[in-house]
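Chemist: Have a look; sequence and predicted model below, questions after that.
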Amino acid sequence: MPTGAERTAGRPIATIAAPPLLLVTPFVIFLRHHAYSVTQPEIVLCLLTMILTGAGLALAGLRWPKLGIAVLAILITAFVDVQFEFDVPIPGIGKTKLLVAMLLGLYLILSRLGAHAFQITAVMTSTILVSTVLLPAGRLSWVDGGVPFGDRRLPFVLHVVLDEHIGVEGLRAANPQGAGELREFFANRGFRLLGGAYSQYALTTDSLGQVLNLIPGQQLSGEVIVSNGVAEYELTRGAYFDRMAEAGYGMRIYQTEWLDLCHAVPEPHGCETFGVTRLGMLQAQPLSILQKLAVVAGTYVARTDVGPKLFRLYDIGTRPVVRDSAPRLRQRLGTTPYSTLAGAAMFNRLTADLAHAERGQLFLAHVMLPHYPYMYDAECGLLPPEKWLTRDDPSALDVTNTPQGRALRYDRYVEQLRCTLRHVGELIDAIPASLRADAVVVIHGDHGSRIALLDPLESRHSELVASDFVDSYSTLFAIRSQGIRAGYEEARVSVACALKALVEAAFQSLDGIVGCAATPTVFILDRGRGFTEWPLPSAGHETR
């Protein structure tokens, strides 16, 4: 009497359909989440490859039934791996071991089911696939509400937060030419530039939580930044927004889905959200089909348990050969470029919307530039994917960067910074002529470039050097207002204190920063996931 495995040949349609469906379905789910069209040529190529590969495996399964069962078990396990992110709470048993156990268990169960296993799998995956196509897909951007009018007696305010924008004095230590260009850019446009500005936190959520609540020197309470199940993080309250609403401003916020600011803004307000975690930002870029295919495939594989492990082994294994100046497999395939692409899209949208700005309105944007990956040249031309770099060197063992890797990344960072300044210049020029005479423009970073040799952690404080602090905390702060003289100063002032002084003076004076220039301190993450206050070294100290 034939075994369950041998009976698979009796159901050829289900046996042939199941493997392609198991390959295609999780990939389509991935694409729909990322708002990436399945009709793009690179996606069609991917899908055809998966269908043909699945069909080939299925035909092999018809010829060798036991192999067919093994393939089915492997593909179901791979489906679970790519589709679900989970932690195993049992000590000593990680996701890899659990997946291996699942694979073995599935093989035993499927062997008993025989042809029915393929029927069940084909029906379930086709149902999931159809429902995925019918349900709404992810969005690259969406708008909530209009732009309410404010008190027409108030000047227009443009407030831009540039993610990972290091300050002038911080950049001077790593790239003097870039620092000079940065200073010249703001000097030519009539800004007061605080070259020694710094953030007290090295992460966006903590930094903006402090800055937008106008609480310099204070640590955040746990309920200021929460996860709301839609965005990764949500700002629950913002004293800055409250003060602007009380002054009579109507507000429009441009935010990322990663950090929801709009819930902290008093009604009514307008809000536009950009999907910085959506790979769909890639599909309109001027890259070849194969280049897009490499990024899509790499990002997809990076979702799996085994993908990052293979990337890491490649990075470590090739390091003695290719050194720090060569692109890594993780940069070519596994990087996530959508935040940078979304930053450029946000600049374009904001520039267009400024044509309709009115007095008494505040436009605030949190833009993911010059945030990594570094993928733009100085003219905002998109580099080929093999040249994209993240802020850290994945082959640097137990540290964030090697000295050579840090120098390379700062060169690329400055190139992208030049592109960012081109966008900022276009933004400033887009302010309507009727508003320019007394318009207020505030531009600052959230923290430093974070291209450190070692990220600032209290557990490794004995290994930290001055450049690690400067790279992590030095940031930009520039203000242009009718009541504030243009110029430059090196005084070290926290961004939260500078913004608080501006708000209290209705953007017409920076005199309040006199009290900000006390001994600078920052907060670094400690072992208990809290923060320890630490002195901020000066930018002139050498790296290790």
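Modeler: Nice, I can see it. Keep in mind that this is a model prediction, so the values were computed, not measured. Numbers count the residues shown, from 1 in each chain.
Chemist: Show the contacting residues for the closest residue to Thr256 other than its chain neighbours.
Modeler: Leaving aside its chain neighbours, Thr256 sits nearest to Val276 (4.4 Å; criterion: Cβ to Cβ, 6 or more residues apart in numbering). Every residue, glycine included, has its C-beta placed from N, CA and C. Contacts for Val276 (Cβ atoms under 8 Å, 6 or more residues apart in numbering) come out as Thr256, Glu257, Trp258, Tyr338, Ser339, Ala342, Gly343, Met368.
Chemist: Check those residues and tell me the two furthest apart.
Modeler: Spanning the widest gap among the contacts of Val276 are Glu257 and Gly343, at 13.1 Å by Cβ to Cβ.
Chemist: So for those two, which residue has more residues nearby?
Modeler: Gly343 (28 against 21; other Cβ atoms under 10 Å).
Chemist: Verify the stated contact: the more buried one with Ala365.
Modeler: No: counting by Cβ atoms under 8 Å, Gly343 stays clear of Ala365, with 9.6 Å between them.
Chemist: quick one on the thing from earlier: any idea how far the residue nearest to Thr256 is from Val161?
Modeler: Between Val276 and Val161 the computed distance is 13 Å (Cβ to Cβ, to the nearest Å).
Chemist: Ok, Pro136 next?
Modeler: From Pro136 to Val161 the distance is 30 Å (Cβ to Cβ).
Chemist: residue ranges for the helices of the stretch 101-250 of the chain, please.
Modeler: Ranges of helices in the stretch 101-250 of the chain, per DSSP state H, counting those that start in this stretch, are 115-134, 168-174, 176-187, 204-211, 239-247.
Chemist: Would you mind putting these into TSV with distance to Leu21 alongside?
Modeler: Below are the helices of the stretch 101-250 of the chain laid out as TSV (distance: least, Cβ to Cβ, whole Å):
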stretch	distance to Leu21
helix 115-134	4
helix 168-174	51
helix 176-187	51
helix 204-211	40
helix 239-247	49
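Chemist: Any chance of a markdown table for those helices, columns distance to Val440, mean pLDDT and mean neighbour count?
Modeler: Output for the helices of the stretch 101-250 of the chain, formatted as a markdown table (distance: least, Cβ to Cβ, whole Å; pLDDT from 0 to 100; neighbours: other Cβ atoms under 10 Å):
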| stretch | distance to Val440 | mean pLDDT | mean neighbour count |
| --- | --- | --- | --- |
| helix 115-134 | 47 | 94 | 17 |
| helix 168-174 | 21 | 95 | 25 |
| helix 176-187 | 15 | 98 | 17 |
| helix 204-211 | 17 | 97 | 24 |
| helix 239-247 | 11 | 98 | 18 |
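Chemist: Compare these and give me the one nearest Gly92.
Modeler: Smallest distance to Gly92 across these (Cβ to Cβ): 31.1 Å, for helix 115-134.
Chemist: which ones are touching Arg422?
Modeler: Going by Cβ under 8 Å, 6+ apart, Arg422 touches Ala378, Glu379, Cys380.
Chemist: Let's see that with 10 Å instead.
Modeler: When contacts are counted by Cβ atoms under 10 Å, 6 or more residues apart in numbering, Arg422 touches Phe185, Phe347, Tyr376, Ala378, Glu379, Cys380.
Chemist: any weak-confidence spans in the protein?
Modeler: Segments of the chain classed as low confidence (criterion: pLDDT under 70) are 1-11, 87-89, 229-230, 310-337, 517, 528, 539-544.
Chemist: how long is stretch 381-389 from one end to the other?
Modeler: With Cα to Cα, to the nearest Å as the measure, stretch 381-389 spans 15 Å from end to end.
Chemist: wait, Leu203 sits on Leu457?
Modeler: No: with contact defined as Cβ atoms under 10 Å, Leu203 does not count as touching Leu457 (11.7 Å).
Chemist: Give me the common contacts of these two.
Modeler: Common neighbours of Leu203 and Leu457 (Cβ under 10 Å, 6+ apart) are Leu525.
Chemist: before we move on, back to that, out of the contacts of Val276, who's the most crowded?
Modeler: Neighbour counts for the contacts of Val276 (other Cβ under 10 Å) peak at Gly343, which has 28 neighbours.
Chemist: So which elements touch the helix or strand containing it?
Modeler: Following DSSP states H and E, one finds Gly343 within helix 338-353. On a contact count with 3 or more Cβ pairs under 10 Å, 6 or more residues apart in numbering; DSSP states H and E, helix 338-353 meets strand 141-144, strand 157-162, strand 250-256, strand 269-274, strand 361-367, helix 403-429.
Chemist: Show the subsequent helix or strand relative to the fourth one.
Modeler: Next helix or strand after strand 269-274 toward the C-terminus (DSSP H and E): helix 289-301.
Chemist: Break this protein down into its domains, please.
Modeler: Domain segmentation of the chain under automatic domain parsing yields 6-134, 156-283+339-513.
Chemist: Show me the one of those that comes nearest Thr299.
Modeler: Nearest to Thr299 among those is domain 156-283+339-513 (5.8 Å), distances taken as Cβ to Cβ.
Chemist: Next, the distance between the ends of that closest one.
Modeler: Domain 156-283+339-513 end-to-end distance (Cα to Cα) = 23 Å.
Chemist: can you start the count at 8 instead of 1 from here on
Modeler: Yep, numbering from 8; the last one is domain 163-290+346-520 now.
Chemist: from the middle of its chain, how far away would that domain be?
Modeler: Computed by Cα atoms, centre = their mean, to the nearest Å, the chain-centroid distance of domain 163-290+346-520 equals 13 Å.
Chemist: if I pick the most centrally placed residue in the chain, what's in contact with it?
Modeler: By Cα atoms, centre = their mean, the mean C-alpha position of the chain lies nearest to Ser346, the distance being 4.4 Å. Neighbour list for Ser346: 170-171, 263, 265, 281-285, 288, 374-376, 378-380 [criterion: Cβ under 10 Å, 6+ apart].
Chemist: and if you look at Thr407?
Modeler: If you count contacts by Cβ under 10 Å, 6+ apart, then Thr407 has 398-400, 413, 416, 457-463, 475, 478-479 around it.
Chemist: Tell me, how many residues neighbour Pro293?
Modeler: Pro293 has 7 nearby residues by other Cβ under 10 Å.
Chemist: and the gap between the nearest residue to it once chain neighbours are set aside and Val302?
Modeler: Nearest non-adjacent residue to Pro293, counting by Cβ to Cβ, 6+ apart: Leu389, 6.0 Å away. Note on Leu389: its distance to Val302, by Cβ to Cβ, is 12 Å.
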